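> What shape does this take:
(2 chains)
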Amino acid sequence: MLHIGGVRTALFAWLMAKKTGGTFTLRIEDTDQAREVAGATENIVRTLTWLGLTPDEGVMLSADGRILEQGEYGPYHQSKRLPIYRKHVDQLLADGHAYHCFCTSERLDQMRKDQEKRRQASMYDRTCMDLPEEEVSKRIAAGEKYVIRMKVPREETITYEDAIYGTLTFKGHTIDDQVLLKSDGFPTYHLAHVVDDHLMKMDMVNRGEEWLSSLPKHLLLFRFFGWTPPRYAHVPLLLNKDRSKLSKRQNDVAAEHYKEKGYLPEAIINFLALLGWNPGTTQELFSLSELIDVFSLEHVHTSGAVFDLEKLDWLQGQWMRKISKEDFAARIQSLVTEKFSAAATDPNFAERAALIQERITFFSEAPDMLSYFYETPKPTLALLANPKQKITEADVPKILEILKKALESIAENDWSHQKIVAALESAIVMSGLKKGQMLWPLRAALTGREYSPGAYEVAALLSRREAIDRIKI
RNA sequence: GGCCCCAUCGUCUAACGGUUAGGACAGCGGGUUUUCAAUCCGUUAACCGGAGUUCAACUCUCCGUGGGGCUGCCA
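Have a look, this model is predicted:
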């Protein structure tokens, strides 16, 4: 599953890559065997691609829609890079920057409990740091499980200039001896990130703010290896309504669900871009390519942003209306056809579709919104008589009679929006009734609905015969 | 508990020492209109608190307070 917060981070990273002529790489960080989910990679790649955030390197979709790896620094699944991590961790060991740790999780748990009791910071107590080499080899040979931890220099202060947060300072003695290699031979994120980003020549890393506190560990690792660290840009968190980190519990965080609900990629991208970033102008609508031009890390906030869907819905409407008439019709035709087969060969489909475009929020609403073009509505007398329009039920038969006459006065060949308007307007004048008193019943009779596109428009897109037939109760 | 980060309308945000604190979404009111939608206009609503620096602080500094993140052989 691709987390919506992950999409936001990916968007910023993608934009930075495009802006600077760089490469956007998709690497799969599958180093936790316990959390492996079948199909996750495919879902991530497909969702990103659907949003337009296509990777330039790493895991991506081929022209025929298959998942493949491309790029000269592969493999791009961390689970396939185990020997690489092993080799690098051995170097750290040799250089005295790391050590074997045989502590069991039970002992570690106890240690943390004790530390908590004493109100101390929870950190590894370095029991295994200075084990003699012979003992280490003996215990390994005996098959004892171990992890490898980094040896943090505790006397120094680490400072870094984050591209978004600015100057950050960490005191060495507060940094834990992080596990780098787990007992199953897999690396932790920390080791894998440093090794891979160096080997894959990453010069810019965009990631969530939750990584800020492990930044000094990464900086230290780059130094241990003698490498130059990338430029880090930590992105502020997306928040629940109660301002805690965006979670499944309080929000729908699966990006694919937004696709399933019918949101346009344009709307999602636009919405996400505006969370934690601003253009410095009052412009609100941005396409992905416009974002490439105007996006800049200087305009990214440092505080978290509440994930509030109200604006997404507004953006959805805006982007729905931006679709060209032709595209809009093309995109809903199959949907409508599923419910009304006649829509497949409907010569008026494009015009009918145009009627609902500015009223629709999701494509999925289209079949229902166009139903009266494909099946005869069954309006009730109560619907035709609208108190707001000052029409009583007793008025209805008389009004329908006038409407029918007016429509019948139009010749078959003349059946058009313009002629319908002309015929009805004069009928309205002649009758002495108000516009609404005539047009509400007309529209209701034609559509069977409380609300719909206008009476004239609907009538014009119905045949003369059909329209006249519907003027009854 | 420890470390780190953050703090402007309900929400997303502008302001980079001098503004009647601006915009957007939502809300409310109205115009347009045959309904709904769309659209247009108007409107309610915010600088967390306290010191300090300065002629002048939303803006700079410090201290509070509040919120968040991390504190895993998760990422």
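> check contacts around residue A:256.
By Cβ atoms under 8 Å, 6 or more residues apart in numbering, the residues touching residue A:256 are A:1-2, A:43, A:47. In this view, the C-beta of every residue, glycine as well, is placed from N, C-alpha and C.
> again with residue A:111
Neighbours of residue A:111 in contact, by Cβ under 8 Å, 6+ apart: A:103, A:124-125.
> Kindly report the same for residue A:284.
For residue A:284, the set of contacting residues under the criterion of Cβ under 8 Å, 6+ apart consists of A:270, A:274, A:315.
> of the contacts of residue A:111, buried ones?
The neighbour count (16 or more other Cβ atoms under 10 Å) marks A:103, A:124 as buried among the contacts of residue A:111.
> Kindly reformat the contacts of residue A:111 as a markdown table and extend each row with distance to residue A:263.
Formatted as a markdown table, the contacts of residue A:111 follow (distance: Cβ to Cβ, whole Å):
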| residue | distance to residue A:263 |
| --- | --- |
| A:103 | 48 |
| A:124 | 45 |
| A:125 | 50 |
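> ok, the contacts of residue A:111 vs residue A:388, which is closest?
Closest to residue A:388 out of the contacts of residue A:111 is residue A:124 (73.2 Å), distances taken as Cβ to Cβ.
> Which residue, other than its chain neighbours, is closest to the closest one?
Using Cβ to Cβ, 6 or more residues apart in numbering and skipping the chain neighbours, the partner closest in space to residue A:124 is residue A:177 (4.7 Å).
> Could you check how many residues crowd around that neighbour?
By other Cβ atoms under 10 Å, the residues close to residue A:177 number 20.
> mind listing what it touches?
By Cβ under 8 Å, 6+ apart, the contact list for residue A:177 reads A:101, A:123-124, A:126, A:129, A:149-152.
> Against RNA strand B, which of the contacts of residue A:284 make the cut? List them.
Here is what survives when these are matched to RNA strand B using Cβ under 7 Å from any atom of the strand: residue A:274.
> Pick the one among the contacts of residue A:284 closest to RNA strand B.
Distance from RNA strand B was checked for each of those by Cβ to the nearest atom of the strand. The minimum falls on residue A:274, at 4.4 Å.
> Identify the residues contacting residue A:157.
For residue A:157, the set of contacting residues under the criterion of Cβ under 8 Å, 6+ apart consists of A:169-172.
> all strands for the stretch 201-350 of chain A, in order.
With strands called from DSSP state E, counting those that start in this stretch, the stretch 201-350 of chain A shows them at A:204-208, A:231-235, A:238-239, A:305-306.
> Residue A:281: neighbouring residues, count only.
7.
> With adjacent residues omitted, what lies nearest to it?
Residue nearest to residue A:281 in three dimensions, not counting chain neighbours: residue A:294, with 8.0 Å by Cβ to Cβ, 6+ apart.
> My guess is residue A:68 contacts residue A:58. True?
No. With contact defined as Cβ atoms under 8 Å, residue A:68 does not count as touching residue A:58 (9.9 Å).
> Export the contacts of residue A:111 as TSV, with columns for distance to residue A:429, pLDDT and secondary structure.
Shown next, in TSV, are those (distance: Cβ to Cβ, whole Å; pLDDT from 0 to 100; DSSP: H, G, I helix; E, B strand; the rest coil):
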residue	distance to residue A:429	pLDDT	secondary structure
A:103	93	96	coil
A:124	90	96	coil
A:125	94	94	coil
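> quick one: the strands in the stretch 1-150 of chain A?
For the stretch 1-150 of chain A, applying DSSP E, counting those that start in this stretch gives strands covering A:25-26, A:57-61, A:67-70, A:98-101, A:147-150.
> Please tell me how far the closest residue to residue A:292 other than its chain neighbours sits from residue A:293.
Spatial nearest neighbour of residue A:292, excluding adjacent residues (Cβ to Cβ, 6+ apart): residue A:18 at 4.7 Å. Residue A:18 is 10 Å from residue A:293, where distance means Cβ to Cβ, to the nearest Å.
> That's all I had, so thanks and see you.
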